[in-house]
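K.L.:
For reference, the sequence and a predicted model appear below.
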Amino acid sequence: MKDVETLIIGQGPAGLSAAIYTARGGIKTMLLGCDPKIAGDYDIDNYFGFHETVSGKELIDRGVAQAKRFGAEMLCDRVLAIHFDDTGKYIVKTEKDEYRTCSVILATGVSRKKPDIPGVDKFDGRGISWCVSCDGFFFKGKKVLVAGEGIYAANQAIELTDYTPDVAICTLGKESSITPEYMKRLRELNIPVIEKSIKELKGDDTLKGIVFADGEELNAEGIFIALGDASSTDFARSLGIITEGNFIQVDRDMKTNAPGIFAAGDCTGGFLQIAVAVGEGAVAARSAIAYVKETCRGK
Ligand SMILES: Cc1cc2nc3c(=O)[nH]c(=O)nc-3n(C[C@H](O)[C@H](O)[C@H](O)COP(=O)(O)OP(=O)(O)OC[C@H]3O[C@@H](n4cnc5c(N)ncnc54)[C@H](O)[C@@H]3O)c2cc1C
């Protein structure tokens, strides 16, 4: 377990801007995230100060170098879950490690993926769930499925075993990308990984069963969606943070309703642009700096 003062999730413009401010403000900063959306060959023509077109990659590379210059630590790692700790701090679980932090800045952009399952909307909230920490309890002892192909899905499935021993993962026809380490834990917990797509969901008011593409049926009463990486809204749900659709609700200081959790950039909605993400990152950082100094320093 590593201790930091601010943990920033997302290496895009919002996260990097926040890291520049927190690290420069003397806060022990860890930034986690890989492959930001704009870090390819995309041409950016409308960002202040670059009178010639700049590539997304160059902009991100410059942000990384600047944040590192002020002492921000950075790792390509994916956050799987955040939990409130009884010491008043947050525990952030990643693919590679675990951190204890005083504050968190969510800067994950927008990446919520809806699964390709016929009838998924009909059962949303009636068997379909997006959050194990929020809804796992309602499926105590029931047969449940986690829909997803990666480590995020594996972690959600493992968390579900706190509520029911009858858990399986369905990759929705994709090839599993779960690492051997996680596969070993899944085997130990008797969690099978099914690489089939789903043809039909059964039930009247609530989900009662699943029909796979090959016709095989499973009488699962719950499907937890965990596609790709965990998004800010997934973290928000498990921490009781208010959202508006897929966006995190924040005030003018980029504070969420959870103490010590701030959000910035595309994940807060509005005008989804680099200039806005950078500005919001700076505001979120200022709020996080004040929070760390008031709440965690010297305690
Ligand atoms: C093709 C394209 C072209 C664009 N062109 C322009 C343009 O010309 N001008 C402009 O102003 N805007 C442009 N945009 C919009 C701009 O890219 C976004 O508004 C901006 O990147 C938002 O920044 P962000 O930091 O909020 O999110 P992002 O840039 O999306 O960064 C989010 C980061 O979070 C990481 N992340 C997500 N989940 C996790 C997790 N669980 N654990 C760890 N890390 C995680 C991601 O990997 C990524 O690094 C463009 C967008 C696209 C897709």
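P.N.:
Okay, I see it. Numbers count the residues shown, from 1 in each chain.
K.L.:
List the buried residues of the helix or strand bottoming out on mean pLDDT in the chain.
P.N.:
For the chain, counting by mean pLDDT, DSSP states H and E, helix 132-135 ranks last in confidence among helices and strands (a mean of 76). If you call a residue buried by 16 or more other C-beta atoms under 10 Å, then helix 132-135 has these buried ones: 132, 133, 135. Every C-beta, even on glycine, is put in place using the N, C-alpha and C of the backbone.
K.L.:
Next: stretch 51-69.
P.N.:
Judged by neighbour count (16+ other C-beta under 10 Å), stretch 51-69 contains these buried residues: 54, 56, 59, 60, 63, 64, 66, 67.
K.L.:
Just the ones in helices from these, please.
P.N.:
Judged by DSSP state H, helices contain the following of these: 56, 59, 60, 63, 64, 66, 67.
K.L.:
how long is stretch 140-147 end to end?
P.N.:
Across stretch 140-147, the straight-line distance between its terminal residues is 18 Å, by C-alpha to C-alpha, to the nearest Å.
K.L.:
likewise stretch 194-203?
P.N.:
21 Å.
K.L.:
mind checking how far that stretch is from the chain centre?
P.N.:
In terms of C-alpha atoms, centre = their mean, to the nearest Å, the gap separating the centre of stretch 194-203 from the centre of its chain is 25 Å.
K.L.:
tell me, how many neighbours does residue 71 end up with?
P.N.:
14 (other C-beta atoms under 10 Å).
K.L.:
On the three-state scheme, it is what?
P.N.:
Three-state call for residue 71 (DSSP: H, G, I helix; E, B strand; the rest coil): coil.
K.L.:
ok, it to the ligand distance?
P.N.:
Distance, residue 71 to the ligand, using C-beta to the nearest ligand atom, to the nearest Å: 20 Å.
K.L.:
which ones are touching that residue?
P.N.:
Listed by C-beta atoms under 8 Å, 6 or more residues apart in numbering, the contact partners of residue 71 are 23, 29.
K.L.:
Try it again at 6 Å.
P.N.:
Contacts here follow C-beta atoms under 6 Å, 6 or more residues apart in numbering; on that basis residue 71 touches residue 23.
K.L.:
Then the one 3 residues further on?
P.N.:
Residues in contact with residue 74 (C-beta under 6 Å, 6+ apart) are residue 31.
K.L.:
For the stretch 101-250 of the chain, just list every one of the strands.
P.N.:
Remark: strands assigned in the stretch 101-250 of the chain by DSSP state E, counting those that start in this stretch are 128-129, 144-147, 167-170, 193-194, 198-202, 209-212, 217-218, 222-225, 243-244, 247-248.
K.L.:
The last one pairs with which strands?
P.N.:
Using DSSP bridges, the strands paired with strand 247-248 are strand 243-244 (antiparallel).
K.L.:
just to revisit the earlier point, can I get the buried residues of helix 132-135 in a markdown table with distance to the ligand?
P.N.:
Written out in a markdown table, the entries for these read as follows (distance: C-beta to the nearest ligand atom, whole Å):
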| residue | distance to the ligand |
| --- | --- |
| 132 | 15 |
| 133 | 15 |
| 135 | 19 |
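K.L.:
ok, so of the residues you listed, who is nearest residue 235?
P.N.:
Comparing those against residue 235 with C-beta to C-beta places residue 133 closest, at 9.7 Å.
K.L.:
Near the residue in the stretch 51-200 of the chain that the ligand sits nearest to, how many other residues are there?
P.N.:
For the stretch 51-200 of the chain and the ligand, the shortest gap (C-beta to the nearest ligand atom) falls at residue 109, measuring 2.2 Å. One way to gauge burial is a neighbour count; for residue 109, by other C-beta under 10 Å, it gives 22.
K.L.:
nearest spatial neighbour of it, skipping sequence neighbours?
P.N.:
When the adjacent residues along the chain are set aside, residue 109 lies closest to residue 266, with 4.4 Å between them (C-beta to C-beta, 6 or more residues apart in numbering).
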